[in-house]
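Attaching a predicted model along with its sequence, questions to come.
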Amino acid sequence: MKDDQIKFPSTYSSFKEVRKECLLYVDKTKYIHKLLTTKGSKNWFLARPRRFGKTMFVDTLEQFFLGNEEHFRGLYIHSKGYDFEPSPVLRLNMARRATSTDALNSSIISHLEVIAEKKGLVLKSRNPGDALERLIIDFQ
């Protein structure tokens, strides 16, 4: 492969890796800018079909809110003058299929416990809503 040929990230879903390896990346940071600047909108539903970049976009959001400015140089959002101040990020992977409400609750609690443990926190509730609320409060 010639040096001037673009490499396609067929097996990557990590924004950080794609940018670090200079792989083809379709700049979707304009949508992050829109999320941050649209007035009067608190809730967003981000839907895309299978194999259409959901994981990559969530990873891009995570890197943005973690303040990893170096990965955004040359992209739309970098030209908008953000200070890339790091913010707390809670990322839940809901890829596992739950066959019941109890299994879903257990999966969510398990996921939250792993996040809490990494931050040196202990969750006291086995209720997913209460545990998530406590984790968000403790993260700040």
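Cool, got the structure. Numbering: from 1, shown residues only.

can you give me the helices in this structure?
All helices of the chain, identified by DSSP state H, fall at 15-20, 29-37, 54-65, 101-118, 128-139.

of the ones you listed, which approaches residue 7 most closely?
When the helices of the chain are compared by Cβ to Cβ, helix 15-20 sits nearest residue 7, at 9.5 Å. The C-beta positions use only the backbone N, C-alpha and C, and glycine is treated the same way.

Can you mark which positions in that closest one are buried?
15, 16, 18, 19 (16 or more other Cβ atoms under 10 Å).

Same list (the residues you listed) but as TSV, adding distance to residue 56.
Written out in TSV, the entries for the buried residues of helix 15-20 read as follows (distance: Cβ to Cβ, whole Å):
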residue	distance to residue 56
15	6
16	11
18	7
19	11
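
roughly how far apart are residue 43 and residue 35?
11 Å (Cβ to Cβ, to the nearest Å).

Check residue 96 too.
Taken as Cβ to Cβ, the span from residue 96 to residue 35 is 27 Å.

how close does residue 91 sit to residue 114?
In terms of Cβ to Cβ, residue 91 sits 11 Å off from residue 114.

out of these two, which sits in the more crowded spot?
residue 91 (12 against 9; other Cβ atoms under 10 Å).

thinking that one is in contact with residue 55, fair?
No. Counting by Cβ atoms under 8 Å, no contact exists between residue 91 and residue 55, whose distance comes to 10.6 Å.
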